[in-house]
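Asker: got a predicted structure here, sequence first:
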Amino acid sequence: MRVWVTLLLVGVGCGAFEFHPYELRGPHRDLHARSLERLFGAEPKQAFRFAVVGDMQLFLDDSAAAMRDLEQRGVDFVVQMGDLTEFGSTQEYEWGVELLSRLKVPFFVVMGNHDALGMGQKLYRRTFGPESFSFTYSGTRFVFFDSNSREYGFPGDIPNLQWLKTALAPEPAVLNTFTFSHVPPGNGDFDDALVAPLVKLQQRQGVAISFHGHVHQYHDVHAHDVRYVTTDSMKGRSYLWVDVDGTSVQVQRATF
Amino acid sequence: MAAHGSLRASLLAALLLAAREARPEPAHEASPWYVPDHAAMQFAGAIGFLSAGPGWSFLEDTVEAALLVGWAPPALAGEDFFTFTLKGHWRPFRLDAAGWTVRPLMVGAMLSYTVGDDYFADLPSRYDRGYYWFRTAIRPALLLGASAGRPVEALNLRFVEGYFELVATDYRLVQFVRNPSTVNIELFTLALGVKLRF
């Protein structure tokens, strides 16, 4: 009997059993807090490089190839632009985290519409932390928020411009500001009524680049003094890397 | 609508199949086809921490159907999960030895429905047609397993059977087909269960 109970417990520990596809279970918790600890635990770099990778969804093997490519080039941290998953299931969250963890550098994951399916919102918060968060690293401010308006039925506060206004408030030590959200403004899944206010807010607060995913196609445009850059999905086998040195910012598209 | 329609159609098909195949089964002559001849209880398998329900066997137990109600408690799954699952099994082989009956191969399929407002069976109106190609409340899966059992006269049961099942849910199958090296053996999770045949 004891043997069977032990085997069962080992099975539970190994993840051999699934109680439900959206179960809030598993080893990964509060990963953004851990990424920040790691980022600020090391000596801050005046010049640094981070990568921006697009929608992973059904392209996990392509994502694995991207991680191998990134490992060779070397980055200080990685931002994944949302749609880490296709179905929003717990197992897909784990696959996504496992892929990003291969790089041994801190990573941040934006909330995508697919990631919010089912129990996705709770899974996201459990795995990474709140959808809206920001930090300043070496004079550059990074602001992350949820722009999946359609997913929540266009409630009027997705994206949450009140929060964003506070997050983008002027600070003397900030040299550059980047924002990261999944659905780009102007896309049909972004609340139409909030496009103009968001664009205006980003312009007024001097956002340098607004990064997005969702459309699975690379775009790089200037609008109202702000650069809007959208990444390919991982299926497109490209990602961005961004070099920052003081006020100098360079975005390059890498293919693999 | 399409999802509801196909669910209804497959239920109907299963019932019709059951009705037709019940007739040549001599062991159940006394009771009509719709009276269950076994009860199943299962641990894990993507449909709850525990699930249980009635089952029907045909063609000398080589074809089986079961309807399970599953539950996963918040303490174990972080949230309450309630599911209804329709399962079908085909077990073509049978080995008898020392009072035991072993069914070394069981292939099957299931369709589970998760109850709750967080899941949709019909695409909500906020989405355009085809925005999502799957339904979060409805989960098809393929099953692969085996079982072994023997009569337990003390309990007045015709047969008590233990089984295991490898469960490949839709999202695991799709991800495996697209990404075999990332998904690998995580195509499957394991379910364990018991069937009591009366």
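Answerer: Structure's in. What do you need? Residues are numbered from 1 along each chain as shown, chains lettered A, B, ... in the order given.
Asker: other SSEs contacting the helix or strand hosting residue A:94?
Answerer: Here residue A:94 is covered by helix A:90-101, with elements defined by DSSP states H and E. For helix A:90-101, the contact count by 3 or more C-beta pairs under 8 Å, 6 or more residues apart in numbering or on different chains; DSSP states H and E identifies helix A:60-73, strand A:77-80, strand A:107-109, helix A:120-127, helix B:170-178, helix B:180-183 as packing neighbours. Placement of C-beta: from N, CA and C, glycine included.
Asker: just these: most buried one?
Answerer: For the helices and strands packed on helix A:90-101, ranked by mean neighbour count under the definition mean count of other C-beta atoms under 10 Å in any protein chain shown, the leader is strand A:107-109 at a mean of 26.
Asker: tell me the average confidence for that one?
Answerer: When the per-residue pLDDT values of strand A:107-109 are averaged, the result is 98.
Asker: which residues in chain B form strands?
Answerer: If you assign secondary structure with DSSP state E, the strands in chain B sit at B:38-44, B:50-58, B:63-72, B:81-90, B:95-97, B:100-114, B:138-152, B:157-169, B:189-197.
Asker: export those to a markdown table and tack on mean pLDDT and mean neighbour count?
Answerer: Formatted as a markdown table, those follow (pLDDT from 0 to 100; neighbours: other C-beta atoms under 10 Å in any protein chain shown):
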| stretch | mean pLDDT | mean neighbour count |
| --- | --- | --- |
| strand B:38-44 | 97 | 21 |
| strand B:50-58 | 97 | 21 |
| strand B:63-72 | 98 | 21 |
| strand B:81-90 | 98 | 20 |
| strand B:95-97 | 94 | 9 |
| strand B:100-114 | 97 | 18 |
| strand B:138-152 | 96 | 18 |
| strand B:157-169 | 94 | 19 |
| strand B:189-197 | 96 | 20 |
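Asker: would you format these as CSV with distance to chain A included?
Answerer: Formatted as CSV, the strands of chain B follow (distance: least, C-beta to the nearest C-beta, whole Å):
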stretch, distance to chain A
strand B:38-44, 4
strand B:50-58, 9
strand B:63-72, 4
strand B:81-90, 4
strand B:95-97, 22
strand B:100-114, 7
strand B:138-152, 6
strand B:157-169, 6
strand B:189-197, 4
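Asker: who wins for proximity to residue A:159 among those strands?
Answerer: Counting by C-beta to C-beta, residue A:159 lies closest to strand B:100-114 out of those; the figure is 29.0 Å.
Asker: that closest one pairs with which strands, and in what direction?
Answerer: Strand B:100-114 has its sheet partners listed here by DSSP bridges as strand B:81-90 (antiparallel), strand B:95-97 (antiparallel), strand B:138-152 (antiparallel).
Asker: related to what we said a few turns ago, pipe the strands of chain B into JSON lines and attach distance to residue A:49 per row.
Answerer: Compiled in JSON lines, these are given as follows (distance: least, C-beta to C-beta, whole Å):
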{"stretch": "strand B:38-44", "distance to residue A:49": "44"}
{"stretch": "strand B:50-58", "distance to residue A:49": "50"}
{"stretch": "strand B:63-72", "distance to residue A:49": "43"}
{"stretch": "strand B:81-90", "distance to residue A:49": "43"}
{"stretch": "strand B:95-97", "distance to residue A:49": "62"}
{"stretch": "strand B:100-114", "distance to residue A:49": "43"}
{"stretch": "strand B:138-152", "distance to residue A:49": "41"}
{"stretch": "strand B:157-169", "distance to residue A:49": "39"}
{"stretch": "strand B:189-197", "distance to residue A:49": "39"}
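Asker: so what's residue B:138 bridging to?
Answerer: On the basis of DSSP bridges, residue B:138 is bridged to residue B:113.
Asker: tell me how far the residue nearest the centre of chain B lies from residue B:43.
Answerer: Nearest residue to the geometric centre of chain B (C-alpha atoms, centre = their mean): residue B:87, 3.0 Å. In this structure, residue B:87 and residue B:43 are separated by 15 Å, where distance is defined by C-beta to C-beta, to the nearest Å.
Asker: tell me the contacts of the residue in chain B positioned nearest to chain A?
Answerer: When distances are taken as C-beta to the nearest C-beta, chain B reaches nearest to chain A at residue B:78, 2.5 Å away. Residues in contact with residue B:78, defined by C-beta atoms under 8 Å, 6 or more residues apart in numbering or on different chains, are A:23, A:24, A:25, A:122, A:126.
Asker: where is pLDDT lowest across the residues you listed?
Answerer: Within these, residue A:25 has the lowest pLDDT, namely 91.
Asker: ok, it - contacts?
Answerer: In this structure, residue A:25 makes contact with A:19, A:90, B:76, B:77, B:78, judged by C-beta under 8 Å, 6+ apart.
Asker: closest to residue B:172 among those?
Answerer: Comparing the contacts of residue A:25 against residue B:172 with C-beta to C-beta picks out residue A:90 as the nearest, at 11.3 Å.
Asker: just give the nearest non-adjacent residue to that closest one, would you?
Answerer: On the basis of C-beta to C-beta, 6 or more residues apart in numbering or on different chains, the spatially nearest residue to residue A:90 that is not a chain neighbour turns out to be residue A:23, at 5.4 Å.
Asker: how close does that neighbour sit to residue A:31?
Answerer: According to C-beta to C-beta, residue A:23 and residue A:31 sit 18 Å apart.
Asker: quick revisit: using PDB, write out every CA atom in the helix holding residue A:94.
Answerer: Output for helix A:90-101, consisting of C-alpha atoms alone and laid out as PDB, is shown next (Å, rounded to 0.1, in the frame of the first residue of the first chain):
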ATOM      1  CA  THR A  90      -2.100  25.700 -17.400                       C
ATOM      2  CA  GLN A  91       0.100  23.300 -19.300                       C
ATOM      3  CA  GLU A  92       0.700  25.900 -22.100                       C
ATOM      4  CA  TYR A  93       1.600  28.500 -19.500                       C
ATOM      5  CA  GLU A  94       4.200  25.900 -18.200                       C
ATOM      6  CA  TRP A  95       5.600  25.200 -21.700                       C
ATOM      7  CA  GLY A  96       5.900  29.000 -22.300                       C
ATOM      8  CA  VAL A  97       7.700  29.600 -19.000                       C
ATOM      9  CA  GLU A  98       9.900  26.600 -19.600                       C
ATOM     10  CA  LEU A  99      11.000  28.000 -23.100                       C
ATOM     11  CA  LEU A 100      11.700  31.500 -21.700                       C
ATOM     12  CA  SER A 101      13.600  30.000 -18.800                       C
END
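Asker: avg pLDDT for it?
Answerer: Model confidence over helix A:90-101 averages 97 on the pLDDT scale.
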